[in-house]
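Peer 1: Sequence first, predicted coordinates after that:
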Amino acid sequence: AQTVTQSQPEMSVQEAETVTLSCTYDTSENNYYLFWYKQPPSRQMILVIRQEAYKQQNATENRFSVNFQKAAKSFSLKISDSQLGDTAMYFCAFIPGAGSYQLTFGKGTKLSVIP
Amino acid sequence: DAGVIQSPRHEVTEMGQEVTLRCKPISGHNSLFWYRQTMMRGLELLIYFNNNVPIDDSGMPEDRFSAKMPNASFSTLKIQPSEPRDSAVYFCASSLSIRPTTNEKLFFGSGTQLSVL
């Protein structure tokens, strides 16, 4: 069974600064996919960024980037130039690549951007 | 498209009552998921439909829970009778493909906050 661990229940960052959210996972799969989802107060889960395990290059989406360390089973999210709208819960998630449809989520990190 | 639409947004009921949560997936999506979110357990998959057919309901907690998808544009999750431990946020999500999170994005609704007193 796969597990996803987010060790930081809460974090805060000053507006315009950079923050990194941590995520580790455990799996015996060789090919899989990792995700970061954002859940603002509106509750809707929004995909922030996606990484395929067989790709060595770290994914980036505008101000969001990941540091994917496959050997260490680590998948951290870096948010640059933090904005007030980044305040939300952030969930790390995992799915095996072998035809699975079931996402395994971490417990989340509550990020507060301080003006 | 309006996205995945869930109703009601909030539901407060008394223990023992029947509760029905509703979901309208994005038009053209053939995969639909129901998730439950609690503080203790996080997000858990309850049931997965593909082309209106339940494929995996192993996450449904017990017989009090049932889900249906009578057509491609509508799904329900029913709890009967409801209990206080069912209090949670229930999400519906849809996607174009059977492996939604690899080739296609998974779109979530805004969830239903259920409180069972």
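Peer 2: All right, it came through fine. For clarity, every value in this text was computed on a predicted model and none was experimentally measured.
Peer 1: Look up which helix or strand the most centrally placed residue in chain A falls in, please.
Peer 2: Nearest residue to the geometric centre of chain A (CA atoms, centre = their mean): A:W36, 3.2 Å. Using DSSP states H and E, A:W36 sits in strand A:32-39.
Peer 1: Show me the strands paired with that strand, marking each as parallel or antiparallel.
Peer 2: Sheet pairing of strand A:32-39 (DSSP bridges) gives strand A:46-52 (antiparallel), strand A:88-96 (antiparallel).
Peer 1: The ones you listed into TSV, with extra columns for mean neighbour count, mean pLDDT and distance to B:A88?
Peer 2: Any C-beta I mention is one placed from the backbone N, CA and C, and that applies to glycine too. Compiled in TSV, the strands paired with strand A:32-39 are given as follows (neighbours: other CB atoms under 10 Å in any protein chain shown; pLDDT from 0 to 100; distance: least, CB to CB, whole Å):
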stretch	mean neighbour count	mean pLDDT	distance to B:A88
strand A:46-52	18	92	20
strand A:88-96	23	94	15
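Peer 1: Out of those, which gets nearest to B:E11?
Peer 2: Nearest of the strands paired with strand A:32-39 to B:E11, taken as CB to CB: strand A:88-96 at 21.4 Å.
Peer 1: chain center to the strand holding A:W36, what's the gap?
Peer 2: The chain centre lies 5 Å from the centre of strand A:32-39; the measure is CA atoms, centre = their mean, to the nearest Å.
Peer 1: Quick one: residues contacting A:Y37.
Peer 2: Applying CB atoms under 8 Å, 6 or more residues apart in numbering or on different chains to A:Y37 gives the contacts A:45-48, A:90-91, A:93, A:105.
Peer 1: out of those residues, who's nearest B:Y90?
Peer 2: Ranked by distance to B:Y90 (CB to CB), the contacts of A:Y37 are led by A:M45 at 12.4 Å.
Peer 1: could you pull out the strands for chain A?
Peer 2: A:3-5, A:10-14, A:19-21, A:24-26, A:32-39, A:46-52, A:60-61, A:64-69, A:74-79, A:88-96, A:104-105, A:109-114 (DSSP state E).
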